[in-house]
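Undergrad: show me the folded form of this:
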Amino acid sequence: MIKIIIADDQQLIREGLSLVLGLKRDFDIVFEAKNGQEVLDYLETNDGDIVLMDIKMPVLNGVETTRKIKEKSESVKILILTTFDDYDFIFQALKHGADGYLLKNTSSQELIEAIKKIINNEQVLDKEVTRQVLQLTKCDVAKLDSLTKREVGIARKISEGNSNKEIAQELFLSEGTVKNYVSNILSKLRLHNRTEIALFMKKYD
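TA: Sure thing, here's the model as predicted:
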């Protein structure tokens, strides 16, 4: 059972998501929050597998909530639900460890699939939003040619949503070796997490 927390300051959005996702037998809507602070308070004494996070909320917005959650636990997944005008916020959320983002007008089936992917350690990056975010991204990152051929290959596998285990099996490497490669890639590109690797590699698709 996947424990889902819904964080959005609009009651209609919360109720709609809860209604749609609550129909899935393997989903359990454990909490609905109208701001980020309520999410943090809930997680102090309760468990959650994934937070469906709005960006613009009162009291504590989605970016700061993401940062605070990830500082305490990498195991809690965060899927940002956004609109087209939130690009700056999206990139900041990714820097703080968000596991992906989708537009709020995505279909219910796409959302369900996205939740399952993120729980399985895959990235979910809406194509339209990604294109716009990349145009605004001005991070001081090293060029792709700073990576070895093997590191480029692994980075591309990450951008395709493959887990370390899947990459290891495909390339006949141990998971530990793949983990070391991922650490090297993060260091060379001056990035913080796998989602940022995926976003970076989208520039070279």
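Undergrad: burial of the closest residue to Asp8 other than its chain neighbours, as a residue count?
TA: Leaving aside its sequence neighbours, Asp8 sits nearest to Asp54 (C-beta to C-beta, 6 or more residues apart in numbering; 4.1 Å). Where C-beta positions appear, they are placed from N, C-alpha and C, glycine not excepted. Under the neighbour criterion other C-beta atoms under 10 Å, Asp54 is assigned a count of 26.
Undergrad: could you point out which element follows the host helix or strand of Val63?
TA: Here Val63, judged by DSSP states H and E, is contained in helix 62-72. The C-terminal neighbour of helix 62-72 among helices and strands, as given by DSSP H and E, is strand 77-82.
Undergrad: run the angle between that next one and helix 62-72 for me.
TA: 170 degrees (axes from the mean of the first three to the mean of the last three C-alpha atoms, to 10 degrees).
Undergrad: and the helix or strand following strand 77-82, which residues are buried?
TA: Counting by DSSP H and E, the element after strand 77-82 in chain order, helix or strand, is helix 87-95. Residues of helix 87-95 classed as buried under the neighbour-count rule (16 or more other C-beta atoms under 10 Å) are 87, 89-95.
Undergrad: got the CA coordinates for stretch 26-38 in CSV?
TA: Below are the C-alpha coordinates for stretch 26-38, written out as CSV (Å, rounded to 0.1, in the frame of the first residue of the first chain):
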residue,chain,number,x,y,z
ASP,A,26,-2.9,0.1,-3.7
PHE,A,27,-3.2,3.8,-2.8
ASP,A,28,-4.0,5.0,0.7
ILE,A,29,-4.6,8.8,1.2
VAL,A,30,-3.3,9.2,4.7
PHE,A,31,-3.3,13.0,5.0
GLU,A,32,-4.5,16.2,3.3
ALA,A,33,-2.7,19.4,4.0
LYS,A,34,-3.5,23.0,3.0
ASN,A,35,0.1,24.2,3.5
GLY,A,36,3.6,22.8,3.9
GLN,A,37,3.8,23.3,7.7
GLU,A,38,0.9,20.9,8.1
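Undergrad: distance between it and the chain's centre?
TA: Stretch 26-38 has its C-alpha centroid displaced from the chain centroid by 17 Å (C-alpha atoms, centre = their mean, to the nearest Å).
Undergrad: quick revisit: restricting to C-alpha, output the helix holding Val63 in PDB.
TA: In PDB, the C-alpha atoms belonging to helix 62-72 read as follows (Å, rounded to 0.1, in the frame of the first residue of the first chain):
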ATOM      1  CA  GLY A  62       6.300  23.700  -1.600                       C
ATOM      2  CA  VAL A  63      10.000  24.600  -2.200                       C
ATOM      3  CA  GLU A  64      10.800  25.100   1.500                       C
ATOM      4  CA  THR A  65       8.600  22.100   2.500                       C
ATOM      5  CA  THR A  66      10.500  19.900   0.000                       C
ATOM      6  CA  ARG A  67      13.900  21.100   1.400                       C
ATOM      7  CA  LYS A  68      12.800  20.400   5.000                       C
ATOM      8  CA  ILE A  69      11.400  17.000   4.200                       C
ATOM      9  CA  LYS A  70      14.500  15.900   2.300                       C
ATOM     10  CA  GLU A  71      16.800  17.100   5.000                       C
ATOM     11  CA  LYS A  72      15.200  14.700   7.400                       C
END
